[in-house]
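Colleague: how would this look folded up:
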Amino acid sequence: MKYWIYTLLGLFAISTFFACTNSEELLINDSNKEVRAVFFSYIELDNYLNGKSDEEQKRNIIEVLDNIKSLDFNKIILHVRPFSDSIYKSDYYPISKSILNDKGEYPSYDVLDFFIKEAHKRDILVDAWINPYRISNLKDISKLSSDSIYYKFPDSKVTEKGIYLNPSNPEVQDLIVNGIVEIVKKYDVDGIHFDDYFYPDKEIDLYNYNIYLKNGGKKSINEYRLDNVKSLIKKVYSSIKKENKDVLFGISPEGNIDNCLNNSYLDVNEILSHDGYIDYIMPQIYFGFNNQTRPFEKTLNDWNNLIKINTIDLIPALAFYKSGNSDKYALSGSEEWINNSDIISRQIIISRKNNKYSGFSLFSYNYLFNDNYKNDNNIKELENLKKILKEDTN
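Modeller: Predicted structure coming up:
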């Protein structure tokens, strides 16, 4: 009798184990695992999906994810809304041209859903990457499609960076938040991701600011702009958590902290000191060790020290794309990426020493896997990267 009881208990334990592990949650629940992320931008979407048949698109997506897995990476930052458009069928945004098939149509399958399911099969997390305000890199309105968001928001503006939504317009904030809630409701994403495209210039909101002053507002223009961005971020965070508390929200601002505050109006001091804004910060520390004005190690430490609470992780974004290329903005350090082929691996090793560190990300997929983007240096850089990724960092 005891034999049968023990046998049944054993079978129950085994079945319970497989029930728990035969899902996509192994990696997702491993909070101690080092984040190893790669950006997959609209440029990559253009390369691997645009103009391809549905089956070729699927084969390319699978190859992309297999390549990412081969490096033992565990997160893809997937561009789902690069230009106020979407790679999925949305109630709020027009379809992105980047994923139109060889017939010029949205494919017969759900691109985002396919990406997510195939990624999760490989224990790869998917963060949906969104540019909240950007409509176009172009400055010619006539080149916009007839269904562009631009025509729904007449206070959008042509700037030096392109065409942008007005960050001070409350209806713009509602649009962005509603679009994000739509993603979290419809798709099994692991995170929502903003990059560094916030305020596009210092004129886009002047009309709104003057109305604010006429109505008795007392804030300076800088305070007004910082509050507009903080308001959006807070709304996004709370809306995500209301739908699914396990979905992370992160931001990848430019690495220059002063520019974040004074040009993009992203109040990094505030959002990294209080709960309710983000789960991770992924600063684009696209600088070498010898960068004359922003040396990597000091910049990394500055970001680490800005984080005042334990609920926010530091995941530095690193410039794999610079390998083998001159960096004129580094001034006296402009040739560092040409003269060295172990910069990224050293940056990861150094980053791991910071107390807020939880992983790294690389920009971008093409420079890791597309032969058209490779040079002798980044091939060597990739080999050095592979060596350190084999180490047990946990």
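Colleague: Could you use CA atoms for every contact and neighbour count after this?
Modeller: Fine.
Colleague: quick one: buried residues of the helix or strand containing E270?
Modeller: Assigned by DSSP states H and E, E270 belongs to helix 268-271. With burial defined by 16 or more other C-alpha atoms under 10 Å, the residues of helix 268-271 counted as buried are V268, I271.
Colleague: In terms of secondary structure, what does that helix contact?
Modeller: helix 257-262 (3 or more C-alpha pairs under 8 Å, 6 or more residues apart in numbering; DSSP states H and E).
Colleague: Averaged pLDDT, the helix it packs on. What do you get?
Modeller: The average pLDDT within helix 257-262 is 96.
Colleague: Alpha carbons of that helix, as PDB, please.
Modeller: Extracted in PDB, the C-alpha atoms of helix 257-262 (Å, rounded to 0.1, in the frame of the first residue of the first chain):
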ATOM      1  CA  ILE A 257      22.500  63.400 -18.100                       C
ATOM      2  CA  ASP A 258      22.600  67.200 -18.700                       C
ATOM      3  CA  ASN A 259      21.000  66.800 -22.100                       C
ATOM      4  CA  CYS A 260      18.200  64.600 -20.600                       C
ATOM      5  CA  LEU A 261      17.300  67.400 -18.300                       C
ATOM      6  CA  ASN A 262      17.800  70.400 -20.400                       C
END
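Colleague: circling back: which residues touch the helix holding E270?
Modeller: K230, I257, C260, L261, Y277, I278, L306 (C-alpha atoms under 8 Å, 6 or more residues apart in numbering).
Colleague: Go again with 7 Å.
Modeller: L261, Y277, L306 (C-alpha atoms under 7 Å, 6 or more residues apart in numbering).
Colleague: what's the answer for stretch 84-94, then?
Modeller: 80-81, 95-96, 99, 110-112, 134-135, 147-149, 179.
Colleague: N166: what's its closest spatial neighbour, skipping adjacent residues?
Modeller: Computed as C-alpha to C-alpha, 6 or more residues apart in numbering, the closest residue to N166 that is not its neighbour in sequence is S156, at 5.4 Å.
Colleague: As a check, name the ranges of all helices in the stretch 51-200 of the chain.
Modeller: All helices of the stretch 51-200 of the chain, identified by DSSP state H, counting those that start in this stretch, fall at 54-70, 111-121, 170-186.
Colleague: Point out the most buried one among those.
Modeller: helix 111-121 (a mean of 19; mean count of other C-alpha atoms under 10 Å).
Colleague: Figure out how far that helix is from the centre of its chain.
Modeller: 17 Å (C-alpha atoms, centre = their mean, to the nearest Å).
Colleague: ok, of the contacts of helix 268-271, which come out buried?
Modeller: L261, Y277, L306.
Colleague: What distance do you get for the nearest residue to the second one once chain neighbours are set aside to L125?
Modeller: Distances taken as C-alpha to C-alpha, 6+ apart place K234 nearest to Y277, at 5.0 Å, with adjacent residues excluded. K234 sits 23 Å away from L125 when distances are taken as C-alpha to C-alpha, to the nearest Å.
Colleague: Between the two, which has more neighbouring residues?
Modeller: The residue with more neighbours, out of K234 and L125, is L125; 28 against 16, by other C-alpha atoms under 10 Å.
Colleague: Not counting its neighbours along the chain, what's nearest the more buried one?
Modeller: In this structure, L125 finds its nearest non-sequential neighbour in K75, 4.4 Å apart by C-alpha to C-alpha, 6+ apart.
Colleague: The residue nearest to N166 - how many residues pack around it?
Modeller: By other C-alpha under 10 Å, 22 other residues sit near S156.
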